[in-house]
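In: Sharing a sequence plus its predicted fold:
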Amino acid sequence: MEKQFQFSDELIKTIVTYSSGFFSADDLDTLITSFETETKNYYFTSVSESNLHRIFNSVLDKVTLFNDCLKYPLLVEVLIALSSSSNYLTDIIVRNPEFIYLVFTDNFFHSKLEREKLDKEVSEGINRFKSFEAKVGHLRLLKRKYLLKIGLKDILHLSPFEETIEEISVLAYSINSNLFDLCYNQICTNNNADVKTYNYALISLGKMGGNELNYSSDIDLMLFFNKNSKVKNTKKDYYEILFDSIQLYTSMASSITEGGFLYRVDFRLRPDGSSSPLCRSLNDTITYYETRGEQWEKQMLIKANFLSGNRLLYETFDKFRRSHIFSSSVSSSPLDKIKRMKQEIEKHHPEESNVKTFWGGIRDIEFSVQALQLLNGNKDKKLQSANTLNTIKALSEFKIITQEEAKEFNDAYIFFRKIEHFLQLMNNKQTHQIPNDQNTQNQLRNYLGFPSIKKFDNALL
């Protein structure tokens, strides 16, 4: 437990000013003491106090808030947890102070975010709005709402790591699939295009494909279509409709607004990368991988997954993908190529405190697991999983690695990813670097349950 934090005169003055005439002196003392006592459970700093102050100032009816804090200790815990652990979640509350009371809704902390239910809520929500801009704005609101839920459960240790990354991924899948559909339909409407069916497949790659996203991950995507042809009622062909849809989608996802941005989306992992068309036909895509695809692209395609569009088209690609990646006739071992790839990456990321790239870190674990998949994936579909933790379990089940090795992989991966998560949740920045400043290190080790920085540092070795 940390030493009890003493609030500044300025914060106490704020509480007293807005409570004057509504609370007795004893109630005021109890209220302030309850907040200060709760700070012992976190590494609370002057920045944390500033966050708490911002939350108080954002609430219109402060008397009701303070009264509820007196009646419900959970609310005090939530406000201290938010303000001490995440500037980003604090920003969400400051923008939408009504979200504070979501903690009292049924099963807010104990219900799991499920794709089917979320898709239904998203669909019903955007259908209430007429304009394209309003629909996209609603998606931003839903992302803030559910990221707050996921982040709070994480900070309060109410959900295991596996559930956290799954829920972050479920949220990303629902938001991005609906956003792309909106953009596609908008482009069709703008061009008076008669396209009644989806003849494309938008697929996710990387951590999104594996349902293991970070709080601030990029979204890696690729799109292919059935075949190109002129679209009825327009001078454009189908590729141009999809090109415009991707451009609009990327702009809507990445644009920074008062409501924040949705996701950083990236299509550069497509065949031939940035120098190539934004999308191509399924036949051209398959031909590329068969004739010119490189080792790293085989490795990348392990984590391919369906996001939006025509599922049957994706399943055709998926059948090819699995046979291409997990062929029973491997001409040469991929291990040397994977090792060289990682060495090239490390030249650009030499930081010893980077949990993603340092020796034995996240990338080492992921590359090792993927190498074993490339060598053994033809034995069973379980070994072809896009999810790292599921694959580690499968590798152990098939005795490709020992139970002890699986536990070491599993525990280290979760440990490093939890560090990554906290750092990204703090400021919604894509970082993997453990900072030098002592306050952030103390907040991190408190979140991880270490009594001192020294013990946290020893665990990193």
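Out: Everything's here; your move. Small disclaimer: the values here were computed from a predicted structure and weren't measured. Numbering: from 1, shown residues only.

In: correct me, but M252 touches L179?
Out: Yes - here M252 reaches L179: they are 6.2 Å apart, a contact under Cβ atoms under 8 Å. C-beta coordinates here come from the backbone N, C-alpha and C atoms, glycine included.

In: now L52: how far from S123?
Out: 36 Å (Cβ to Cβ, to the nearest Å).

In: Can you pull out the low-pLDDT segments for the chain?
Out: The chain contains residues with pLDDT under 70 at 1-4, 196, 328-352.

In: With adjacent residues omitted, what lies nearest to G377?
Out: Nearest non-adjacent residue to G377, counting by Cβ to Cβ, 6 or more residues apart in numbering: F326, 3.5 Å away.

In: neighbour-wise, which of L52 and S123 wins?
Out: Remark: of L52 and S123, L52 carries more neighbours, 22 against 12, as counted by other Cβ atoms under 10 Å.

In: Distance of the more buried one relative to T14?
Out: Relative to T14, and taking Cβ to Cβ, L52 is found at 10 Å.

In: Looking at this protein, which helix is longest?
Out: helix 161-190 (DSSP state H).

In: Show me which positions of that helix end up buried.
Out: Neighbour counts using 16 or more other Cβ atoms under 10 Å place 161, 164-184, 186-188 of helix 161-190 among the buried residues.

In: what sits against R445?
Out: Shown in contact with R445 (Cβ atoms under 8 Å, 6 or more residues apart in numbering): S452, I453, K455, F456.

In: ChimeraX command for the buried members of the residues you listed?
Out: Buried subset of these, written as a ChimeraX selection, criterion 16+ other Cβ under 10 Å:
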select :456
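
In: Just the residues contacting stretch 274-288, thanks.
Out: For stretch 274-288, the external contacting residues (Cβ under 8 Å, 6+ apart) are 200-201, 222-228, 239, 242-243, 246-247, 267-268, 270-272, 313, 316-317, 320.

In: Please disregard the earlier target; I meant stretch 26-34.
Out: Counting by Cβ under 8 Å, 6+ apart, F7, I12, I15, V16, S19, F23, F66, C69, L70, P73, V76 sit against stretch 26-34.

In: The last one touches T39, doesn't it?
Out: No - distance between V76 and T39: 10.0 Å, which falls outside the contact criterion (Cβ under 8 Å).

In: Same drill for these two, tell me which one is more crowded.
Out: T39 (23 against 18).

In: wait, the more buried one sits on F5?
Out: Yes - the pair T39 / F5 is scored as a contact, 4.0 Å apart, by Cβ under 8 Å.

In: Now the common contact residues for those two.
Out: Counting by Cβ under 8 Å, 6+ apart, the residues touching both T39 and F5 are S48.

In: for this protein, what spans make up the strands?
Out: Here the chain has its strands, by DSSP state E, at 200-205, 219-225, 265-266, 280-281, 305-309.

In: possible to save those strands as TSV with distance to S83 and mean neighbour count?
Out: Shown next, in TSV, are these (distance: least, Cβ to Cβ, whole Å; neighbours: other Cβ atoms under 10 Å):
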stretch	distance to S83	mean neighbour count
strand 200-205	34	25
strand 219-225	29	24
strand 265-266	31	18
strand 280-281	48	18
strand 305-309	35	21
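
In: Switch those strands over to JSON lines; also include distance to A134.
Out: Shown next, in JSON lines, are the strands of the chain (distance: least, Cβ to Cβ, whole Å):
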{"stretch": "strand 200-205", "distance to A134": "23"}
{"stretch": "strand 219-225", "distance to A134": "23"}
{"stretch": "strand 265-266", "distance to A134": "21"}
{"stretch": "strand 280-281", "distance to A134": "33"}
{"stretch": "strand 305-309", "distance to A134": "21"}
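
In: Of all the ones you listed, which one is nearest K62?
Out: The closest of those to K62 is strand 219-225. By Cβ to Cβ, the value is 38.2 Å.

In: Next, the angle from the closest one to strand 305-309.
Out: Counting by axes from the mean of the first three to the mean of the last three Cα atoms, to 10 degrees, strand 219-225 lies at 60 degrees to strand 305-309.

In: tell me which strands and helices strand 219-225 is in contact with?
Out: strand 200-205, helix 206-209, helix 238-254, strand 265-266, strand 280-281, helix 282-291, helix 311-325 (3 or more Cβ pairs under 8 Å, 6 or more residues apart in numbering; DSSP states H and E).
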